[in-house]
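Colleague: just the structure for this:
(chains A and B)
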There are 2 protein chains.
Amino acid sequence: MNILICSTGSRVKMTQYIKEAVKSTGGKVIAGDSDPYSPALFAADDHVLLKPVDDENYMSSIIQACKQKEIDAIIPLIEEEVPKLVKNQSVLDNIGVKLATSDQDLVDVCTDKLKTYQYIDQLGFPGVPTFSTVEETLTLLHERDFDYPLIVKPADGKGSEGVWRVEDEAQLREAVEKVGHSIIQPYLKDREFGIDVYIDLISGQLVDVFMKEKFKMVNGATDKSVSVNNEELVSLITSFVEAAGFTGPLDIDCFEWNGKYYISEINPRFGAGYLHAHEMGCNFMEYIVNNLNGKENQPFEKIQYPEGIWMMKYSEVMLRKIDSKDENNKTS
Amino acid sequence: MNILICSTGSRVKMTQYIKEAVKSTGGKVIAGDSDPYSPALFAADDHVLLKPVDDENYMSSIIQACKQKEIDAIIPLIEEEVPKLVKNQSVLDNIGVKLATSDQDLVDVCTDKLKTYQYIDQLGFPGVPTFSTVEETLTLLHERDFDYPLIVKPADGKGSEGVWRVEDEAQLREAVEKVGHSIIQPYLKDREFGIDVYIDLISGQLVDVFMKEKFKMVNGATDKSVSVNNEELVSLITSFVEAAGFTGPLDIDCFEWNGKYYISEINPRFGAGYLHAHEMGCNFMEYIVNNLNGKENQPFEKIQYPEGIWMMKYSEVMLRKIDSKDENNKTS
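Modeller: Here you go, the predicted model:
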């Protein structure tokens, strides 16, 4: 079984984890990226240069790579590529390539924060209230338990770019005018949790959950976190996952505010903080390889890892002689 | 010989390099930081919690740590701490602690970009012209070979915070008014080089030079670079270092613009890109340990490393059970 991971960039550890899991099957991991100077390319068994995710030829470069390298499955690693890949699921099906993520309708829910909240709310779970107009927001403030400060941010943005924190109605109106197409949320962040979830691609059942409190973010990725075993949070996540229909790896963000938990974001892929889960024995790569080999994983029973273990990231270096001309010709 | 490295943060590789060099002397590396969740603390032989660099008790925590851990020398790693440490050189001398950096007057030159340029210029070397007033800048534009765009930035800032790029005199005047106490420089950056230099602490002679072209910066640190062997650049650096009076490790930034080289910044300490030099055999840690043991290093003869080798950083993780209460009591 050959697995393509795309937009590998500097995700050397992720590449090593997948390689380790695939090794037992006699298969290979092929790393893809548009940048020939991406260290993760050299951590895989083989690599291939792809077009950038925003290039019109991105999908054709993926398909060409799948044929050339006899790929059986793709594990997407970055936010932007998941919607593009699921949109082309039938094309990938035709060449026998499976996708280790959720179905298109659920991926669509995840890529739009307004839809994410509405979906969580409709299923009866606590989401971070999210609105697109000042009027809806003012109604919320009257009817429910929330108050200023509020957060205003671009509806299609990610990370903390262009985020406004507003303290009253005048500031709210000003921010919405400045940001344009925006979403508005109450600020519900006493503590922030990142939750790694794996749902069996065959049975659709929850297989594993890893919970960590996030302490430091660098460039939108978790830099320091501590393992958590919280009954209320694990119960919220297991019942949410059962009610929703996701499959494969999920990276869920939750806030604790005034003693209650709120689901903030759902990413239908591995998060940058998965390294913590993996190093503590939650080996999602093995689950994926089992599934791709037609084997169901055991359903989740209980948290097995110890609490209070810190994950701290630091820089490792890879040295390599790279001939960019050769590299650029490789996929042409 | 026991060495204290302070503000180690996530500099795990640096800590490992120093530890390796000190091992042969039977000494220890003690890592210090104010944050008990700094991974480099656990990469050293021992660690100690210090006060933050901007805390009024920073120096007393350093002195206490030096006495407690029987420290023979300090290797500073971050920009902010070098001036504080050299200012207290006599206090450190009194307790028998050496500092692996340059003298205070030269450190002062490095921490002020206007002084840096004036110093380089007075010695007769090409610096990036740097001015503090609009009038001086306009005179430069008339008299010399430079033109817009110009860069306006806070005189005491670092990195790329509050940096303006201006295209004409009106924009220049506006930027200077907005920034306040600012410096003004022409934009001379076709290519950017990071040069690691070691000057013998005993003989004052140049020991080693490593040159890399920088390709990607993340949070102000080099993320990707390629080794360079450029005769003109090595000649500029060797004659500059001979004329100036620095000692210990230096991290020099140079720009190439229109085929000429300009010295932009001098940091009297290890740069974040030193990992590239070290991995390619320029072992400054050995030179430091030799010097601290009273042994001179061989003077520099020629570049020994191969050209065209890429350094690419990626995230490694460290897992650790940390009891913050114990840690916080450690230095009290």
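Colleague: test my guess that A:Val207 contacts A:Asn297.
Modeller: Yes. Between A:Val207 and A:Asn297 there is a contact at 4.5 Å, judged by Cβ atoms under 8 Å. The C-beta positions use only the backbone N, C-alpha and C, and glycine is treated the same way.
Colleague: got any residues that touch both of those two?
Modeller: Residues touching both A:Val207 and A:Asn297 (Cβ atoms under 8 Å, 6 or more residues apart in numbering or on different chains): A:198, A:200, A:287.
Colleague: so where does the first one fall, helix or strand?
Modeller: Here A:Tyr198, judged by DSSP states H and E, is contained in strand A:191-199.
Colleague: strand partners (parallel or antiparallel) of that strand?
Modeller: Take DSSP bridges as the rule and strand A:191-199 pairs in its sheet with strand A:206-218 (antiparallel), strand A:248-257 (antiparallel).
Colleague: list the beta-bridge partners for A:Val197.
Modeller: Under DSSP bridges, the beta-bridge partners of A:Val197 are A:Val209, A:Leu250.
Colleague: all strands for chain A, in order.
Modeller: Secondary structure of chain A (DSSP state E): strands at A:3-6, A:29-33, A:46-49, A:73-76, A:98-99, A:150-154, A:164-166, A:182-186, A:191-199, A:206-218, A:221-228, A:248-257, A:260-267, A:309-321.
Colleague: mind putting the ones you listed into a markdown table with distance to B:Glu81?
Modeller: Putting those into a markdown table (distance: least, Cβ to Cβ, whole Å) gives the following:
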| stretch | distance to B:Glu81 |
| --- | --- |
| strand A:3-6 | 40 |
| strand A:29-33 | 37 |
| strand A:46-49 | 41 |
| strand A:73-76 | 42 |
| strand A:98-99 | 49 |
| strand A:150-154 | 36 |
| strand A:164-166 | 32 |
| strand A:182-186 | 40 |
| strand A:191-199 | 31 |
| strand A:206-218 | 21 |
| strand A:221-228 | 21 |
| strand A:248-257 | 35 |
| strand A:260-267 | 37 |
| strand A:309-321 | 19 |
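Colleague: residues in contact with the nearest residue to A:Ser227 once chain neighbours are set aside?
Modeller: Excluding its sequence neighbours, the residue lying closest to A:Ser227 (Cβ to Cβ, 6 or more residues apart in numbering or on different chains) is A:Ile309, at 4.6 Å. Counting by Cβ under 8 Å, 6+ apart, A:Ile309 touches A:226-227, A:280, B:319-321.
Colleague: for the residue lying closest to A:Ile74 once chain neighbours are set aside, what are its contacts?
Modeller: Excluding the flanking residues, the one nearest A:Ile74 by Cβ to Cβ, 6+ apart is A:Leu4, at 4.9 Å. By Cβ under 8 Å, 6+ apart, A:Leu4 lies in contact with A:30-32, A:48, A:62, A:65-66, A:69, A:71, A:73-75, A:97.
Colleague: one more: A:Asp190?
Modeller: Contact analysis of A:Asp190 by Cβ under 8 Å, 6+ apart lists A:255-258.
Colleague: what stretches of chain A score poorly on pLDDT?
Modeller: Counting by pLDDT under 70, chain A shows low-confidence ranges at A:157-161, A:324-332.
Colleague: which parts of it sit against chain B?
Modeller: By the rule Cβ under 8 Å from any Cβ of the partner chain, the part of chain A lying against chain B is A:10-13, A:37-40, A:215, A:218-219, A:221, A:223-224, A:275-276, A:279-280, A:306, A:308-322.
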